[in-house]
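Participant: mind folding the following:
(one chain, ligands or ions: 1)
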Amino acid sequence: MISNSYIDAHCHLADPKYSSDLESVLGRSEKAGVGEWILGGIGPKDWEAQKKISKLRAGKIHMAFGLHPWWVASHDEGEVMTAVKRLESELGKAQCLGELGLDFLPQFKDKAQLQKEVFRIQLMLNENFRKPLILHVVHAHGEAITVLKGFRHCQGLVHAFSEGKEVLKQYLDLGFLISVGGAVTRKGYQKLKECLSLIPLDRLVIETDAPDQTPEVAGFSKESRNEPCTLVPIAEAISQIRKDSSPEALLASSSRNLRALLASSSRSR
Ligand SMILES: [Zn+2]
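Facilitator: Presented below is the predicted three-dimensional model:
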C-alpha cells in the first residue's frame, strides 16, 4: 500500500537542475510514496531558493540552512564570514542546520583550516538554535568527530554514510542518525555494506541526495539526474543486504526516526 508518507532524509530540491520541472519531480516522488523531503543547504543563494520552493508543499519540504564545506572551500574568508552573519539571522527560519562538516578530498583540502573554523562557528551558533545537524564529512571523520565532541548539542544525521564499523560506532555513541543512500546500489562500497546490519533500526535513515548520487536502479543511470522517487529502490537494496526488514518497514522506520528528529527541532525554538 502506498501511504505517501515516507520522508527522503536528504535531497536538494532547490538545485537549478530542477528549475524547469520541479512540480513533475515532486509528483513522481509522491506517486512512489515519498511525500516529504529534508533538504541539504549549500550557501546563501541556495537558502533563498529553498524559501521559494518550500511553498510548493507547505510543511512537507523541510529547509536546512548551512554552509557546505564545498561552498566554504570555494569562497574567500571575507565572503564566508559575511555568510556566517547571514546564517545567524536566517537559521531560525529553517528546520535544520546543514550541510556542515569537513571535506578533505584533494580539491578542497587546501582550505582545511577555514573549513574547520567554519564548522566550529556553525556548531557554536547552534548552541542557541539547537537545530538538528546535517553533517557532510568526507575523508575527515576523525577530525570531525573530535570537533563534535566539544559541543553539547549534537543531534542530527550523518548524510551519505559510507564508512565502516569503527566510524559508525563513534557517530552512534554521539547520538547521530546514520543516513544511507545510493551507494548501496553500486558495486563496491564493501565497508558500508558490511556494517549496514550494525545500524540499529531506530538510527537508520534513508536518503537520495537527489539530484546527485544517482543510484544504479531501473530507469536511472549514472549519467541521469537523480530524483527523490529513487528512495524506494534504495530501501529495497538495503533490505536485500540486511535481510531483517522489508523495504516498506525500513522506509517506515526511517520516516519515524526523521519525524522524531524534526519534532525535536520545533520544540527547541
Ligand atoms: Zn547533499
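
Participant: confidence score at the residue in the stretch 1-150 of the chain that the ion sits nearest to?
Facilitator: Residue nearest to the ion within the stretch 1-150 of the chain (CB to the ion): Gly40, separated by 3.6 Å. Placement of C-beta: from N, CA and C, glycine included. With respect to pLDDT, Gly40 scores 97.

Participant: which non-adjacent residue is nearest it?
Facilitator: Glu99 (4.6 Å; CB to CB, 6 or more residues apart in numbering).

Participant: then Lys52?
Facilitator: Per CB to CB, 6+ apart, closest to Lys52 is Ala14, 7.6 Å.

Participant: average pLDDT across the helix with the most length in the chain?
Facilitator: What stands out as the longest helix in the chain, according to DSSP state H, is helix 247-267. Averaging the model's pLDDT scores along helix 247-267 yields 91.

Participant: buried sites along it?
Facilitator: If you call a residue buried by 16 or more other CB atoms under 10 Å, then helix 247-267 has these buried ones: 247-248, 250-255, 257-258, 261-262, 265.

Participant: what packs against the one helix or strand the residue nearest to Gly40 maps to?
Facilitator: Assigning secondary structure by DSSP states H and E places Glu99 in strand 96-103. Secondary-structure packing of strand 96-103 (3 or more CB pairs under 8 Å, 6 or more residues apart in numbering; DSSP states H and E): strand 64-65, helix 69-73, helix 112-129, strand 133-138, helix 141-148, strand 156-158.

Participant: does the ion sit close to it?
Facilitator: No - judged by CB under 5 Å from the ion, strand 96-103 makes no contact with the ion; its nearest approach is 5.6 Å.

Participant: quick check: Glu127 vs Gly98, distance?
Facilitator: Separation of Glu127 from Gly98 (CB to CB, to the nearest Å): 15 Å.

Participant: looking at those two, which one has more neighbours?
Facilitator: Gly98 (28 against 10; other CB atoms under 10 Å).

Participant: what parts of the chain come near the ion?
Facilitator: With CB under 5 Å from the ion as the criterion, the chain meets the ion at residues Gly40, Asp209.

Participant: picking up where we left off before, deepest of the helices and strands packed on strand 96-103, which one?
Facilitator: strand 64-65 (a mean of 29; mean count of other CB atoms under 10 Å).

Participant: what's the average pLDDT for that strand?
Facilitator: Here the average pLDDT along strand 64-65 is 98.

Participant: so what strands line up beside that strand?
Facilitator: Next to strand 64-65 in the sheet, as set by DSSP bridges, lie strand 96-103 (parallel).

Participant: pLDDT weak spots in this protein?
Facilitator: Residues of the chain meeting the criterion pLDDT under 70: 1-4, 266-269.

Participant: hmm, 50 instead?
Facilitator: Applying pLDDT under 50 to the chain flags the ranges 1-2, 268-269.
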